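Q: Based on what follows, work out the 3D shape:
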Amino acid sequence: MSPAAPFPVAPSEFIPPGSRFHTLASPFPMKRGGALRGARIAYETWGTLNPRRDNAVLIVTGLSPDAHAASSTDDPAPGWWEAMLGPGKPVDSDRWFVVCVNSLGSCKGSTGPASIDPASGRVYRLDFPELSIEDVADAAAEVVHGLGIERLACVIGNSMGGMTALALLLRHPGLARTHINISGSARALPFSIAVRSLQREAIRLDPNWNNGEYDDATWPESGMRIARKLGVITYRSALEWDGRFGRVRLDESSPFNGGEEDPFGLEFQVESYLEGHARRFVRRYDPNCYLYMSRSMDWFDVAEHGGGDVHAGLAKIRVERALAIGARTDILFPVQQQQEIAEGLAEGGAQAEFIGMESPQGHDAFLVDIARFGPAVRNFLGRL
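A: As a prediction, the model looks like this:
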C-alpha cells in the first residue's frame, strides 16, 4: 500500500508506491446506473510531455495489472511490461510521454469495490455500482484531459485493455490519433464468458466470500485460488504446457507434494506451477473487484454501437492508423478477434494492419514474448 495516498486506504487495496492520482468529476455517472462521488484513478507516467502536447501515449491494461507498467524514479521495481516500456524500448519513453492508468473498479489504487466510500466511511463491497468497460474508458479519458492532453498520439490496449481502448475511441471521438490493440476484442465470445463465469462461481461459492462481507481473517482463499488457476490455464496454450512440463511428476521434496497423507493432492509439475501462481495472487487481488472486473468484460459488445453489428460499430471509430496483433495460440481472446478489429477499423477509414503472431505462449504472449511483439509495436510507433 502507498503511505502517500491522499485518501483513506482500505485493507484490500494494493497501491504501488509510485502511483499518482486523478480525482474524477463528481458525480461520475456509471453506464448501467448510479454514480460515484469522490472517486479517483491511479496512474503513472514516463517521459516528458513536449511543448505541443502531442507526444502522449496512453496504456490501458488487462484485468489484474496496476499502473506500474515499468520502473521509474518514484518506483524502481520492475513493472509488468518492463521489457516493452522505457528509454530505447519499443514504447520509447525518450520520445513518448507514456501514461498508464489503473482501471476504475480495480484494487490497485483506483476506486473500486475494495475502496472506502467517502459518503459512508465504509468499504463499498457490493454497494459499488455495476461496472462496465465504458466506465473504465470514461475514467481513463478524464485522466488524459486532466493532464492537459487534448489528443493522444496513440492509445494502446492489452487484453481487457483492448476492450477499454475501443470503448474510449467510441465514446471520446478524436481523443487518439492512432491505436494499437494487443490480444483484445470487440466483444466477449462464449468460451471466454464461460471461463469467467466459472471463475466468479468459484469465488461466490466459497463460504468465506459471505456475499462480499469477508475480511482479512475470513478471506475466500479457496475460491480465489481456483479462479486464478482457471485463468492461468487459459492464459497459456496447450502447446506450451506440453513443452514446458510434459508429464513430469513432483519429487518428494516439493513443498506441494502431499505424499501419502494426501492421496488426491498435487502430483505433477504443472499442478505445482498453477498452485504457486494461485498462492501468489490470492491475497494480492480483492475478490469483489475480481467479480466486478470480470463481469464488465462479459457485458462489453461494440455491436451496441453498430445496430447489432460488430463491424458497423468498429467502423464508427475514427483513427488515422491502427495495429491489431495477437497470438495464434490464444484461446481466451482468439486471434480472429484481432483480425475483426483491424477489418472494422479499416471500414471506418483507418489504415489498419493485422498481425497474427506464431507465438506458442497463448494470451500471455504480449507479456512474455517481447521478441515477437516488441518489434511490431516499435515499428508502428516509429512511423508516427
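
Q: Quick one: low-confidence residue ranges for this protein.
A: Scanning the chain for pLDDT under 70 picks out the ranges 1-5, 252-261.

Q: For it, just list every one of the strands.
A: Remark: strands assigned in the chain by DSSP state E are 20-23, 28-29, 35-36, 40-46, 56-60, 85-86, 91-92, 97-101, 152-158, 176-182, 321-327, 351-357.

Q: Turn these into JSON lines, including distance to residue 194.
A: (Each C-beta comes from the backbone N, C-alpha and C, glycine too.) Output for those, formatted as JSON lines (distance: least, CB to CB, whole Å):
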{"stretch": "strand 20-23", "distance to residue 194": "35"}
{"stretch": "strand 28-29", "distance to residue 194": "31"}
{"stretch": "strand 35-36", "distance to residue 194": "30"}
{"stretch": "strand 40-46", "distance to residue 194": "31"}
{"stretch": "strand 56-60", "distance to residue 194": "25"}
{"stretch": "strand 85-86", "distance to residue 194": "33"}
{"stretch": "strand 91-92", "distance to residue 194": "33"}
{"stretch": "strand 97-101", "distance to residue 194": "29"}
{"stretch": "strand 152-158", "distance to residue 194": "22"}
{"stretch": "strand 176-182", "distance to residue 194": "23"}
{"stretch": "strand 321-327", "distance to residue 194": "20"}
{"stretch": "strand 351-357", "distance to residue 194": "24"}
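
Q: Make TSV from these and add distance to residue 301 and mean neighbour count to it.
A: Listed next are the strands of the chain as TSV, based on distance: least, CB to CB, whole Å; neighbours: other CB atoms under 10 Å:
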stretch	distance to residue 301	mean neighbour count
strand 20-23	28	18
strand 28-29	20	17
strand 35-36	23	18
strand 40-46	24	25
strand 56-60	18	27
strand 85-86	30	24
strand 91-92	29	22
strand 97-101	22	26
strand 152-158	16	27
strand 176-182	16	25
strand 321-327	17	27
strand 351-357	20	18
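
Q: right, so of the ones you listed, which gets closest to residue 293?
A: strand 56-60 (12.7 Å; CB to CB).

Q: quick one: contacts of the closest one?
A: Residues outside strand 56-60 that contact it (CB atoms under 8 Å, 6 or more residues apart in numbering) are 49, 69, 81, 85, 91, 96-101, 103, 136-137, 140, 144, 147, 149, 152-158, 161, 164-165, 168, 176, 381.

Q: Which neighbours in the sheet does that strand have, and how are they oriented?
A: Sheet pairing for strand 56-60, assigned by DSSP bridges, gives strand 97-101 (parallel), strand 152-158 (parallel).

Q: Quick one: closest of those strands to residue 120.
A: Closest to residue 120 of the strands paired with strand 56-60, according to CB to CB: strand 97-101, at 25.8 Å.

Q: got the CA coordinates for the closest one in CSV?
A: Provided in CSV are the C-alpha atoms of strand 97-101 (Å, rounded to 0.1, in the frame of the first residue of the first chain):
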residue,chain,number,x,y,z
PHE,A,97,5.2,10.7,-22.8
VAL,A,98,3.6,7.5,-21.6
VAL,A,99,0.6,7.3,-19.2
CYS,A,100,-0.6,4.0,-17.8
VAL,A,101,-3.9,4.1,-15.8
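
Q: next one: that strand to chain centre, how far?
A: Put simply, strand 97-101 sits 14 Å off its chain's centre (CA atoms, centre = their mean, to the nearest Å).

Q: go on, stretch 104-111?
A: From the chain centre to the centre of stretch 104-111 is a distance of 11 Å (CA atoms, centre = their mean).

Q: Next: stretch 329-336.
A: Offset of stretch 329-336 from its chain centre (CA atoms, centre = their mean): 16 Å.

Q: Please shift the residue numbers so they start at 284 in all later answers.
A: Understood, numbering begins at 284; the last thing we discussed is stretch 612-619.

Q: May I have the distance across that stretch, first residue to last?
A: End-to-end span of stretch 612-619 (CA to CA, to the nearest Å): 11 Å.

Q: Pull out the buried residues from it.
A: Of the residues in stretch 612-619, 612, 613, 614, 615, 616, 617, 618 count as buried by neighbour count, 16 or more other CB atoms under 10 Å.

Q: The first one: what's it in contact with?
A: Think residue 612. 520, 522, 523, 642, 643, 644, 645, 648.

Q: Need the nearest residue in space to residue 310, chain neighbours excluded.
A: residue 318 (3.7 Å; CB to CB, 6 or more residues apart in numbering).

Q: My guess is residue 602 contacts residue 628. True?
A: Yes: the pair residue 602 / residue 628 is scored as a contact, 6.7 Å apart, by CB atoms under 8 Å.
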